[in-house]
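J.: could you work out the structure for the sequence below:
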Amino acid sequence: MSSSSVLVLIVIPCTMLLVADPLPAADGLAFRSISAPALAGGSGVKRANRTLPPSAHDEPSIRRLEKQSGGRASPKRVGTIMALLAAFQDAGALPPESSPEANRLIKALIQFQAAFMKSSNQAVRQLLREALTRKLGDRAAGAVRTFQTEGWTSQTLEALVDYTASRPSWTQPDLVQGFHDYNVGEEDFDLLAQTFRAARTKLAAKGQDLHAVYAARRREMPGFGQR
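T.: Residues are numbered from 1 along each chain as shown. Predicted coordinates for the structure are as follows:
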């Protein structure tokens, strides 16, 4: 595989492994699912007739990711996505693991993260700035810089979900094109937003805060604490 190819390998709590194969578009990914005997937390699982202890992530899988992605898909960036998926799983908000929606959700998390981190499209960059300004005020500029080096947090995702719910973002042709360059669009973001809102509501009903759940899960995942 060339150094410009991207392979993303995700282990999520519902024992699904998703592998992303490169597409022609910039950072475009096509997804296929295969079973993966690994858990992000929870009880031990069996592999090759032996019981493995619970683990936040599959270390050989992460090393394989780093090697085959040419270093572009860093453990930190993979870890943010794994932590969000784990938080959604804790809330009971993930789509069924073998469903098309599950693949689309992973795709949306990866590709929107890539777009907001790397795109030179001014409409995409402005959307991130405006959403974070609405949520964080004077701290928004720092949050934008952090996102562009580290990727998602539950707060940045919440800012985008809540902001786009209050304005017709998808009527802007430049914005639509900016995300099209990363092979995602309005339907992908809608699924991501619906999952986030469902997770937030379900956790709140149990007296839990989604951001606290995400923070705990993030500490278990690859790349935590790296600079």
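J.: give me the mean pLDDT for the helix or strand containing residue 192.
T.: Element membership for residue 192 (DSSP states H and E) is helix 186-205. On average, the pLDDT along helix 186-205 is 97.
J.: now swap in stretch 98-116 and tell me
T.: Here the average pLDDT along stretch 98-116 is 93.
J.: with stretch 147-167 instead?
T.: Mean pLDDT, stretch 147-167: 94.
J.: list the contacts of it.
T.: 76-77, 80-81, 84, 87, 109, 113, 116-117, 127-128, 130-132, 134-136, 143, 146, 189, 192-193, 196-197, 200, 210-211, 214-215, 218 (Cβ atoms under 8 Å, 6 or more residues apart in numbering). Using the backbone N, CA and C atoms, a C-beta is placed for each residue, glycine as well.
J.: am I right that residue 97 is in a strand?
T.: No: the assignment for residue 97 (DSSP: H, G, I helix; E, B strand; the rest coil) gives coil, which keeps it out of a strand.
J.: where exactly do the helices run in this structure?
T.: In the chain, helices defined by DSSP state H lie at 59-68, 75-91, 100-118, 122-136, 140-150, 154-165, 173-180, 186-205, 210-220, listed in chain order.
J.: filter the contacts of stretch 147-167 to the buried ones?
T.: Among the contacts of stretch 147-167, those scoring as buried are 76-77, 80-81, 84, 87, 109, 113, 116-117, 127-128, 130-132, 135-136, 143, 189, 192-193, 196-197, 200, 210, 214, 218 (criterion: 16 or more other Cβ atoms under 10 Å).
J.: nice, that's everything, thank you.
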